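Student: the sequence and its predicted three-dimensional model are supplied below.
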Amino acid sequence: MTVLVTGASGRAGRHVVDQLLLRGARVRALTRDPAAARLPAAVEVVGGDLDRPATLDGLFDGIEAVHLITVGAGYATLRTGPRIVELAQRAGVRRATVLWNGEPGPVEAAVAASALDWTCLEATDFMSNALVWAPEIAAGEPVREAFADVRVAIVDEADVGAVAATLLTDADALGAAGPRLTLTGPQPLSVRERVTAIGAQLGRELPFEQLSEAQARERWRAAGTDEELIDLLVAWHSGPPPAATTPGDGVERVLGRPAGSFARWTAAHADAFRVPAGSGGTAADTRGSGLEASS
């Protein structure tokens, strides 16, 4: 089968691609900049922009299943969901996974109203969001964040990718998952506790400074974050929904194994926090829930 992955160069999207290839699927990846995608050679990389459906002509031809993201350029909520789903159905796409951005939006509504078999993956904050701290940690500078003591059961983005790939290639698994599947890690952790865990992996105590909400908003604005998304991020980080703070069994139900821990994630990514500041390789500064933007 051939599966289309949107957001394929994102943090979870790359894992969706890799897991699909391991399962023997053919993969078509959508990106605004194919030359910069850096995806496996086996992947068919095509150019297009979910924010501009006119660029998606022929995108869904021969596609049986699709992994959809719900944000576009600048992590702004996609408003083109109805047109995207219309194109998918017209081409004969049968099933979909949808990676939400923290609350239901136009893409989710369009998929829910369609004839597609689908599951919305309600992932909590990605573990890889910690990579945004890498330059400060490597330089010995303080990590600065707001809402430092709010706990979230952060999820390994590799688990999200594996779940999506399983559901896209196994109709029975998709049906069993239901329309909404919450994906969490095994332990609720605050920002402060995550920084401490990274420090333990590196063998040193990491300095931390708490920001006010106003300071956090200003930093997001300075990074060019859309005001709508800033409001969403503040709401999520200051008072995440109960499903995001309580470890669930979504990953284990689909994969047949427990979700990966943050300790395991930090061990696998420790070198990223030893790289000198300015050398690149860190995550985009969204500091949010399981956000995946088109690229």
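Tutor: Perfect, thanks for sending it.
Student: direction included, what does the helix or strand harbouring L181 pair up with?
Tutor: Here L181 sits within strand 180-183, counting by DSSP states H and E. Strand 180-183 sits in its sheet next to strand 117-123 (parallel), going by DSSP bridges.
Student: can I get the strand holding L181 in CSV, CA atoms only?
Tutor: Output in CSV follows, covering the C-alpha atoms of strand 180-183 (Å, rounded to 0.1, in the frame of the first residue of the first chain):
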residue,chain,number,x,y,z
ARG,A,180,-9.8,9.5,19.6
LEU,A,181,-6.7,8.0,21.1
THR,A,182,-4.8,9.8,23.8
LEU,A,183,-1.0,9.1,23.7
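Student: the stretch 51-200 of the chain: helices as residue ranges?
Tutor: 81-91, 106-112, 134-139, 157-169, 171-177, 191-202 (DSSP state H, counting those that start in this stretch).
Student: in CSV: those, plus mean neighbour count and mean pLDDT.
Tutor: To be clear about C-beta, it is placed using only N, CA and C from the backbone, and glycine gets the same treatment. Formatted as CSV, those follow (neighbours: other C-beta atoms under 10 Å; pLDDT from 0 to 100):
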stretch, mean neighbour count, mean pLDDT
helix 81-91, 19, 97
helix 106-112, 21, 96
helix 134-139, 19, 96
helix 157-169, 26, 98
helix 171-177, 15, 96
helix 191-202, 19, 97
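Student: any weak-confidence spans in the stretch 151-295 of the chain?
Tutor: Along the stretch 151-295 of the chain, segments meeting pLDDT under 70 span 275-295.
Student: picking that back up, now render the helices of the stretch 51-200 of the chain as a markdown table, adding distance to G72.
Tutor: Shown next, in a markdown table, are the helices of the stretch 51-200 of the chain (distance: least, C-beta to C-beta, whole Å):
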| stretch | distance to G72 |
| --- | --- |
| helix 81-91 | 11 |
| helix 106-112 | 10 |
| helix 134-139 | 26 |
| helix 157-169 | 19 |
| helix 171-177 | 25 |
| helix 191-202 | 27 |
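Student: those: which one's closest to A65?
Tutor: When these are compared by C-beta to C-beta, helix 157-169 sits nearest A65, at 4.3 Å.
Student: list the residues that contact T184.
Tutor: Each residue near T184 by C-beta atoms under 8 Å, 6 or more residues apart in numbering is listed here: T124, A153, I154, V155, A243, A244, T246, P247, G248, G250, V251, A259.
Student: show me which of the residues you listed are buried.
Tutor: Buried subset of the contacts of T184 (neighbour count, 16 or more other C-beta atoms under 10 Å): T124, A153, I154, V155, A244, P247, G248, G250, V251, A259.
Student: now the second one. Nearest residue, chain neighbours left out?
Tutor: Meaning A153. T184 (3.7 Å; C-beta to C-beta, 6 or more residues apart in numbering).
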